[in-house]
Each structure stands twice: as C-alpha cells, then as structure tokens.
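Peer 1: Sequence below, structure please.
(3 chains)
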Amino acid sequence: MSGMQVIFLIAAAVTLGSAIAAVSARKMLHAALWLVLALLGVAVIFALLEASFFAVVQVLVYIGAISILVIFAVMLSRTSLTDEGSQTNRGWWVAALGLVIVLIGVVAALSLWPKWTAMPGALPAAATDMATLGKQLVDPNGYLLPFELSSILLLAALVGAIYTAVDKKEEKP
Amino acid sequence: MLNDWLYLGIFLIIAFALPAVAILIAGVLSPKKGNPIKNSIYECGIEPIGESRIQFKVQYYVYGLIFLIFDVETVLLFPWAVAYKQLSLFAVFEAVLFILILAAALLYAWRKGALEWL
Amino acid sequence: MSFLADPVNFITQWLSTLLIGWGASASFTQLILYIIGAGALTLGALFFTVFLIWLERKIGGRFQDRLGPNRLGPWGIFQPIADMLKIFTKEYITPTGADKVPFNLAPILAVGGVLAMWAVIPYASTVFGVNFNIGVVYLIAVGAIGDLGIIMAGLGSNNKYALLSGFRAVANLISYEVPMVLVLLIPVLFSGSLGMNDIVKSQQTWNIFLAPLAALIFFTTSIAENGRAPFDLLEADSELVAGFNVEYSGLKFGMFYVADFLHSFTAALVFSTVFLGGWRGPGAETIPILGFVYLILKSSLVYFLILHIRFTIPRFRIDQMMDFNWKFLTPISLVLLMVTIVIDKLIPTDLTFIRISVHWAVNILIWVAADRILSAALKSHPAKVVARPRPLARPPHVAVDEKPGGEI
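Peer 2: Modelled structure (predicted):
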C-alpha cells in the first residue's frame, strides 16, 4: 500500500466517522464540532486529488464561515441542547435493510462499469493552473455567465437573509 | 505538488501536537487539588446567578451571514486575480460589474440597518 | 553553496547525503528531512515567542515611562523564562459543568492556527516551508481555524461572560476578515500568483509603493484580527473580565497568551512579505542568509509600529469597531479594488515611475474623498444622548434649561 492510499483511508475513515458522530451526537454543540472534523476530512481528500485551491477554499469557506454560522445557529435555539431518549425509533431495521440493498445495488452497478478499475491519466499541467481557471471564468465562451449570475445569486441570498433576520418592528429583546 | 502537501501535513501535525504535548507536560508537573470553591464559575467574585446561557442576539448571525457572502465573493475573485495580467480590459470590466453587484448588496444591508450593533 | 551563505540548504544537503549513506531510500530521507525541518521551524517559532514577550514588556514599559522588567538578568532578559517556568507548574482548574472537549481543545487550536502560518512564509530566496501556489488563501484559511478555537473557548467554559466575549470576538474577527481578504487581492493582481515566494520575487518595486492604501488597510485589519489594542475590547482586563479565556489557568492560558504574541509578529512577517518585499534587498539573491536578515529587519520595524499603536491609542467600543469595519473599511476596499484593477490595465506597465505616481495619486484621491465623506456624515449625524432627562436637584429659585434628548 502506498503512502497516498494509507492517507486516503485515514482521511475517509475520519470523514465518515465524524459524519456519523455528527448525526448521532446527543448534544448539538458536539454535533457541530464533529461536522467541522468531517469538513476537514473532505479538505484532506481534495488535497490528495491535487486540487489545492479547492482544499483551502473548503477550509476557508466551510470551516471558517459556515461552521461558525452553524455554531451560532445552535446557540440561537432556546430549547434544551441535549437530545434525551433513544436515538432510533422502532422501525430502524427497515431503513437499515433498505439502505444495505441500495448500497449493494450501487456497488454492483459501478463494478459493471468498464472504467471502474482504470487509473486516471495524469492531468495536463495547465489544468491545475489557477490562471487557466481565472481566464475561463471571464471568457465569454467559457463561464462568464455563471460568474456574473453567481454574484446576483449572492445578492439575492443576502437580501433574503436580511429580510428574514432583521426585523425592526418585532425584534427579540 | 503532493510533496508540498506532505510537508504541510507534517507541519500541521507538529504544529498542533507541540502545544498538546506542552499542555500534557504541564498537566503532569502541576498540582491537582480541586475543591468546589475553586472550580466554581467566575462571576465577578459572587456566586453565579441564573443559568450560564445568555440570550443570543440575532445580530451576530447577521454579521456571520454578510461575512459569508463577501467571503464567497472574494473566493470567486481569486482565480480572476491570478489571471489578471493576461486578461483584456473587457475582462476587467466584467470583474468590476461583479464587484459592483456585491457593493450593491453591502449598500442594501447598510440601508436596511443590518449593520447596526443593536 | 558555502555554509555561511546558505546554512539551511547546506545542512539539508549534508543530512541527506548522511542518511543516504546509511542506506535509507530517497523518499524516506525526504520524509525525515521534512519532519526535522517542520519541527525546527515550529520549535524556533515557539522559542522566539519567549523573546517577543520580553521585548513587548520592555518596550511597553518605555512607552509608559517606566522601566519594564529589569530584575532577572541584564535588562530583565530572563523574566519570560521565569514566567514560563511558573506557568508550567500552575494547576489546571476546570470549572464545573464545562464541556471537556471544546474546553481543552481551544488553546491547542489557537496556537496551532498561528504556528501553521509559518509554513508558507519565504524566509530567504531558497529557504521556505512550502512554496504553495495558494499561499495567500492558505493564510486566511488558517486564520479562520484560530477563530474556531476562540468560539470553542467561549462555549466550553460554562460561564456567561466567556460566552458573551466569545461571540463578540468571533463576530469581530470575521467582520475584519472581509476588508483583509479584499485588499489581499491587490498584491495578487500585481504579481500574478497566489504563492508567497512568487509575490516576493515579483516585487521589483515594493508593493507598498504601488498600493499604499491597500497596505494601510491590510495593516489595520491585521491588528484587528489579532485582537490587539485598540481593538482589544474582547479580552481586555477592564471589560469582559479577560473575555473568553477567563476560566483558563496554567499553561492553557499560557497558550492563549503565546498565540496572541506570536500572532502579532506573524502579522508583521506577513505584511513585510506581501507589501514590503520580503527578503528582497541588495545582494539577497546570491547570499540567501542576507535575505533572512532583511526580512527580520523589516518585520521588526512593522512589529515596533504595531506595539507603538498598541500602547498609544485608547480602546474602541464594540459598535465603533463594527461601524469602522462595515461602513468605512469595506466600502473603501471595494472602491479601491475596482479603481486599481481598471487603472492598472489602462496605464502602460513598462514605465515604473509613472505607474507608481498614478497609483499613489489614485489612492490619495480615494483617501481624501473617504475622509471628506466621513466628516460630512459625522457632521450631519451628531451623536444624540438618548437617555431620559433626569430631574435635577436644584433650589426652587434657580431655573435650569432641561431639554430632553440633548445633543452633544
């Protein structure tokens, strides 16, 4: 096993484990912190794929902004932050059975795909170059329209969020 | 490039392990004589009154939201900035349009009073 | 390369030939060298903090017209060593009801976030941790991990003051990241790469001459990101009783302290690298050790400026800090960015002197315009006293003019 495979296995195990812990934690704050660890695992997998820009952007945007927002949202809830009682309901074995069947089906379908065991070719040197990405973003034949539309999308998101969150007439004391 | 990431991974592990090791060493060296009065919560010298949770102001969340929007904007601008020297004036105007739309977002937030510290 | 000109690479070559001579494979040698290099850098940074603590206390004392530590050793040099010895043996007090994992993890995240910044800074033309092609974004990302440490400290202590201070601190820190990231785009524009070593190599003229207002905004936001005065409302002793680290004792508090001091020197290093030309100087390409000396000189100058501002300017209120950021710095950064990218395309780039003067003229114009708009806005909105008028105790024969909501 090469070093890269070992690191990938560790990163995948950490991501999956912390995702499961995030879903099943009793305290919401612990769930938020496990989510941060899962996002960090995803960033490591990005780095293994040599997509370095996306790895750091994952840390910057997800862990730096969205996790903080999630923690703020956890603190905003007035109810008790602990989940008492059992974490599953009576019919949990039906859901587990269904999921195992779906998993077997997906793995079978993927292994019938001829390229499943093929190694990917090396990326051309210009593909990981950030300047290429930048030029494509403003190329009229490239991704210019999504680039400008994303700014309008961000504007719409901000307007919606402020309209919902800031209410001068009935603000909470 | 993977060698770079390997070095960075080693650096991060050492950077997070060194303070941990230092704290553990100090934990070994220091006395451990806890009593309930020492372990009680600090509240300006009096007994803590009420729960230790305060009502969270929604203003903090609004600041986080505005920060998120501007963070994503600058992340989209970084590749463009790297390719700046090879771009034409038309591309520069496209980026100016992008930034103008987000300046309009800031102006909206300002006028709606989302930036006041309530 | 001789030992005196390039000691780090000389030692690296010598070690690798030694290890290969003992029969280790090339990749294993590489791994061992990486571990030794990373360990040396982090240990060096941590031990440098001890010196920084002494420097700050001594210089702070001189600013405040007193001597600073002068008992232990000549000029009190052994004072921080004594402090470190003391803090290693203090008891860890965990408050009742504190959440163990965030409480204990927060100091580690705070120090780790600052130490991780040292990996991408180029110390000389051939000495650097990694020459990432995304160095600038990496710096901002690890700053975000430090913020996560602060909010975990606030949440983990079972204390409402720590909680309040943690929220305020994080709201402040993330607000000041917006102009910082916007302004960091400008050196990236000029050099065409996000890697720190590339930014240094492309500074034939230092970036501070090409973008002075950007340098000023970056300097201000770096101080604010650090939580230093005048932005230290979040952890000041007279405010929220030392803020988010009120429940920490012993070395855990020491770690927050180390993170604070190391962060200010790291901010000075980053500023010198991005705006002041890093290791560039006469003769730095051929003799790498000279580049290191230049970098230390430049960042010491910037660090002294940071200390000067810390001990001179009074503290801001939290709403003043937020207004300053969102209503002054962010619009200026946006306008500066838009104007810089248009102007830099329009002027021919081979005339350096014209380029510098045009950029300076535009920056000064933006600065003056912002100043005028600010003073006009302040004049038209005077601060109002909104308290109810209190009845004054006065003898009956004296008339006092009581206007409700008097203006300052």
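Peer 1: Could you check the pLDDT of the residue in the stretch 201-350 of chain C that chain A sits nearest to?
Peer 2: For the stretch 201-350 of chain C and chain A, the shortest gap (Cβ to the nearest Cβ) falls at residue C:341, measuring 11.7 Å. Every C-beta, even on glycine, is put in place using the N, C-alpha and C of the backbone. On the pLDDT scale, residue C:341 is placed at 90.
Peer 1: where does the chain dip in pLDDT?
Peer 2: If you meant another chain, say so; for now it's chain A. A:1, A:78-87, A:123-128, A:167-173 (pLDDT under 70).
Peer 1: look at chain C instead
Peer 2: Checking chain C against pLDDT under 70 turns up C:1-3, C:5, C:234-242, C:349-350, C:382-392, C:398-408.
Peer 1: Pull up the residues of it that are close to chain A.
Peer 2: Chain C comes close to chain A at residues C:99, C:101-102, C:132-134, C:137-138, C:140-145, C:147-148, C:151-152, C:155, C:167, C:170, C:174, C:177, C:192-194, as judged by Cβ under 8 Å from any Cβ of the partner chain.
Peer 1: Can I have the buried ones of these as a ChimeraX selection?
Peer 2: With 16 or more other Cβ atoms under 10 Å in any protein chain shown as the criterion, this ChimeraX line picks the buried residues out of the residues of chain C next to chain A:
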select /C:99,102,132,133,134,137,138,140,141,142,143,144,145,147,148,151,152,155,167,170,174,177,192,193,194
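Peer 1: can you narrow the residues of chain C next to chain A to ones near chain B?
Peer 2: Okay, of the residues of chain C next to chain A touching chain B (Cβ under 8 Å from any Cβ), that's C:132-133, C:137, C:167, C:170, C:174, C:177, C:192-194.
Peer 1: OK, contacts around the spatially closest residue to residue C:175 that is not a sequence neighbour?
Peer 2: Closest residue to residue C:175 apart from its sequence neighbours, by Cβ to Cβ, 6 or more residues apart in numbering or on different chains: residue C:325 at 4.8 Å. Contact partners of residue C:325, counting by Cβ atoms under 8 Å, 6 or more residues apart in numbering or on different chains, are C:175-176, C:178-179, C:224.
Peer 1: repeat for residue C:207
Peer 2: C:186-187, C:190, C:199, C:214-215, C:274-277.
Peer 1: Over to residue C:126?
Peer 2: So residue C:126 contacts C:6, C:8-9, C:288 (Cβ under 8 Å, 6+ apart).
Peer 1: center of chain C - which residue?
Peer 2: residue C:267 (3.4 Å; Cα atoms, centre = their mean).
Peer 1: my read: that residue touches residue C:221, true?
Peer 2: No. In this structure residue C:267 lies outside contact range of residue C:221 using Cβ atoms under 8 Å: 9.5 Å.
Peer 1: If we look just around chain B, which residues of the stretch 251-400 of chain C are in range?
Peer 2: Going by Cβ under 8 Å from any Cβ, the residues of the stretch 251-400 of chain C near chain B are C:251-252, C:254-255, C:318-319, C:322-323, C:326-327, C:330-331, C:334-335, C:337-338, C:341-342, C:345-346.
Peer 1: In terms of helices and strands, where is the spatially most central residue of chain A?
Peer 2: For chain A, residue A:39 is the residue whose C-alpha lies nearest the centre (Cα atoms, centre = their mean; 6.0 Å). Assessed by DSSP states H and E, residue A:39 sits inside helix A:28-48.
Peer 1: Now do the lengthiest helix in chain B and helix A:28-48, the angle between them.
Peer 2: For chain B, the helix with the greatest residue count under DSSP state H is helix B:2-29. Between helix B:2-29 and helix A:28-48, the angle comes out at 150 degrees (axes from the mean of the first three to the mean of the last three Cα atoms, to 10 degrees).
Peer 1: Same question for whichever helix or strand comes after helix B:2-29: list its buried residues.
Peer 2: Following helix B:2-29 in sequence order, the next helix or strand is helix B:58-82 (DSSP H and E). If you call a residue buried by 16+ other Cβ under 10 Å, then helix B:58-82 has these buried ones: B:58-82.
Peer 1: Helix B:58-82 and chain A, are they touching?
Peer 2: Yes. Helix B:58-82 reaches chain A (Cβ under 8 Å from any Cβ) through B:58, B:60-62, B:64-69, B:71-73, B:75-76, B:78-82.
Peer 1: same for chain C: which of these are within range?
Peer 2: Answer for the residues of helix B:58-82 next to chain A near chain C (Cβ under 8 Å from any Cβ): B:60, B:64, B:66-67, B:71, B:75, B:78, B:81-82.
Peer 1: now these in JSON lines, with pLDDT?
Peer 2: Formatted as JSON lines, these follow (pLDDT from 0 to 100):
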{"residue": "B:60", "pLDDT": "84"}
{"residue": "B:64", "pLDDT": "89"}
{"residue": "B:66", "pLDDT": "91"}
{"residue": "B:67", "pLDDT": "92"}
{"residue": "B:71", "pLDDT": "92"}
{"residue": "B:75", "pLDDT": "91"}
{"residue": "B:78", "pLDDT": "91"}
{"residue": "B:81", "pLDDT": "91"}
{"residue": "B:82", "pLDDT": "90"}
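Peer 1: wait, which of those residues is closest to residue C:119?
Peer 2: residue B:78 (19.3 Å; Cβ to Cβ).
Peer 1: pretty sure the closest one contacts residue C:185?
Peer 2: Yes. Contact criterion Cβ under 8 Å: residue B:78 and residue C:185 qualify, at 7.1 Å.
Peer 1: ok so, going back, list the contacts for the residue of the stretch 201-350 of chain C closest to chain A?
Peer 2: B:84, B:92, B:95-96, C:189.
Peer 1: In strands only, show me these.
Peer 2: Within the contacts of residue C:341, no residue falls in strands by DSSP state E.
Peer 1: Buried among the residues you listed? Make that a ChimeraX selection.
Peer 2: The buried subset of those, as determined by 16+ other Cβ under 10 Å, is captured in ChimeraX by this line:
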select /B:84,92,95,96 /C:189
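Peer 1: what about the longest helix anywhere in chain C and chain B, any contact?
Peer 2: Longest helix in chain C, counting residues (DSSP H): helix C:26-63. Yes. Contact of helix C:26-63 with chain B (Cβ under 8 Å from any Cβ) involves C:30-31, C:34-35, C:37-39, C:41-43, C:46.
Peer 1: Apart from its neighbours in sequence, what residue is nearest the residue in chain C that chain A sits nearest to?
Peer 2: Residue nearest to chain A within chain C: residue C:144 (2.7 Å; Cβ to the nearest Cβ). Distances taken as Cβ to Cβ, 6+ apart place residue A:64 nearest to residue C:144, at 2.7 Å, with adjacent residues excluded.
Peer 1: OK, contacts around the one you found?
Peer 2: Shown in contact with residue A:64 (Cβ under 8 Å, 6+ apart): B:71, C:140-141, C:143-145, C:147-148, C:174, C:177.
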